[in-house]
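A.B. asks: sequence plus the predicted model coming up.
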Amino acid sequence: MDAIAGIPYVYVTRGALAESVHALVACAADASGTVALSYGDIDAPIYLRSAAKPFIAAAVMASRANERFGFDEREIAVMAASHNGEPEHVAAVASILAKIGLDEGSLRCGAHAPAYEPAAAALAASGAKPSALHNNCSGKHAGILALCRARGYDRATYLDLDHPAQQEILALCGRLLGEDPSRMPMGTDGCGIPVFATSMRSAARAFARFATLDEVDDADAIALELVRYAIAAEPFYIGGTGRFDSALPQATRGRIIGKAGAEGVHADALLDQGLGLALKIVDGTRRAVPPATMALLRELGGVEPSARASLDGFATTDVTNVAGLVVGTIRAGAPDTITVGSAS
C-alpha cells in the first residue's frame, strides 16, 4: 500500500476504544493521469454509481438540450444530484419535465420517500404518497429524457444499454476516463440506468479533467463547465440540507465539486490543485465517506483554512445513542494512530 497521505482507514470509536474500522481505496491524479496520492489497488474496477452523475449531466448539456429548453442552474445541478427529495428538489425536477413537455409519468426511476427525514415526515403528514419526483435520482432521469427530446430519441426505452442516449453518456464518460466504454464492466444501478465500473486511477483523472477542462475537446469542455458552474452556483440542488456534497462546494465557493456514489464511493474535482480525487470505502459503508474525503482533501491542500470550520462536522462525525448523547466519533487515521480495542 502506497500510503502517501498516511490515512488508509476510518475508525469508529465508542468511548475510549475503536469499535470498527473501514478500509479505503483512493487515488488523486491530474488530467494527464499522473498520480499524486494512492491507497490500495487503484487499478481494480469499481462501480462509480452516482459519482458519475456530473458527467451524465454534461452529456445532456452536450446534446444542446440546454439551448433548446433553457434550463437554469438549479435544474442543471439537480440533473447531477442525488437529492434529498425536499420540496425545492421536487420542484426543480418537475420544472425540467415541464420544459420538455413531459410529466413524472415518464420517469422510470421508481418512487421512494424523500431521503431527508423532515421532508418525508411532512409528505406523510399531508397524506400524499411519494412519487418518482422524490427519488434521489429523478433529476438525472429528467436530464436523460431532455437529451432524448433534444435528439429525437425514443424516450420509452431510455434505460436500455443500447439506447442512443445511454451510448452518448458512455462515450463522454469514456473520453473523460481515457477508457474504451465497450470494455468497461457494466451493471444496473439502483434507479435502473446502466452503470459502469472503472478504476480509481481513471476516475481521479476524469475528475481532474472536470476540474481543469484540460485534455478534453472543446464541446466536452463547454458541457462540463456548464455543469460545474451550476453546482457551484446552486450547491443545495446537488444534495440538500445537511448533505456533504452540498456543503463542500458551498464552503469552498465552488473550488471543490464533489459527488457521492452508493456503496461508499466519492469523487471530487479540486479546481485550485488541478486534481481529481476518487475513493471507495471497501465495505461500502456510507458513514465513512465524509471523514475519509475530508482527510484526503486536507492532505492534498484542497481545503482552505477559511472553509475548514464549516466542514469540520464532516471531518469528524459524532456517534450518538438513542437519547442523542455523543458516545463516540467517526474519523480517518493512519494505522499507527489507533487500532481496534485501543484507546484513541
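C.D. replies: Received the coordinates, thanks.
A.B. asks: what about the strands in the stretch 51-200 of the chain?
C.D. replies: Taking DSSP state E, counting those that start in this stretch to define them, one finds strands in the stretch 51-200 of the chain at 186-188, 194-198.
A.B. asks: pretty sure residue 96 is touching residue 79, no?
C.D. replies: Yes. If you go by Cβ atoms under 8 Å, residue 96 and residue 79 touch, sitting 7.2 Å apart. (Glycine included, C-beta is placed from N, CA and C.)
A.B. asks: got any residues that touch both of these two?
C.D. replies: Taking Cβ atoms under 8 Å, 6 or more residues apart in numbering as the contact rule, residue 96 and residue 79 both touch 71, 139, 142, 143, 146.
A.B. asks: between the strands of the stretch 51-200 of the chain, which one is closest to residue 164.
C.D. replies: strand 194-198 (12.7 Å; Cβ to Cβ).
A.B. asks: mind listing what's buried along stretch 197-204?
C.D. replies: Under the neighbour-count criterion of 16 or more other Cβ atoms under 10 Å, stretch 197-204 has 198, 199, 200, 201, 202, 203, 204 buried.
A.B. asks: ditto for stretch 206-216
C.D. replies: Neighbour counts over stretch 206-216 (16+ other Cβ under 10 Å) mark 206, 207, 208, 209, 210, 211, 212, 213, 215, 216 as buried.
A.B. asks: what's the burial count for the residue nearest to the first one when sequence neighbours are not counted?
C.D. replies: Think residue 206. In this structure, residue 206 finds its nearest non-sequential neighbour in residue 176, 3.9 Å apart by Cβ to Cβ, 6 or more residues apart in numbering. By other Cβ atoms under 10 Å, the residues close to residue 176 number 26.
A.B. asks: again, but for residue 320
C.D. replies: Close neighbours of residue 320, defined as other Cβ under 10 Å, add up to 11.
A.B. asks: what's the answer for residue 282, then?
C.D. replies: Neighbour count for residue 282, taken as other Cβ under 10 Å: 16.
A.B. asks: which of the buried residues of stretch 197-204 fall in helices?
C.D. replies: 200, 201, 202, 203, 204 (DSSP state H).
A.B. asks: helices along this protein, start to end?
C.D. replies: With DSSP H as the criterion, the chain has helices spanning 53-62, 65-69, 73-79, 87-99, 117-126, 138-151, 164-177, 200-212, 218-233, 244-251, 289-299, 305-315.
A.B. asks: quick revisit: who has more neighbours, residue 96 and residue 79?
C.D. replies: residue 79 (34 against 26).
A.B. asks: I'd guessed that one sits against residue 145; true?
C.D. replies: No. Using Cβ under 8 Å, residue 79 makes no contact with residue 145, being 10.2 Å away.
A.B. asks: anything in contact with each of these two?
C.D. replies: Residues touching both residue 79 and residue 145 by Cβ under 8 Å, 6+ apart: residue 96.
A.B. asks: show me the contacts for residue 327.
C.D. replies: 14, 15, 319, 320, 321.
A.B. asks: show me what contacts the fourth one?
C.D. replies: By that I understand residue 320. By Cβ under 8 Å, 6+ apart, residue 320 lies in contact with 326, 327.
A.B. asks: and if you look at the third one?
C.D. replies: For residue 319, the contact set (Cβ under 8 Å, 6+ apart) comprises 12, 13, 14, 326, 327, 328, 329, 330.
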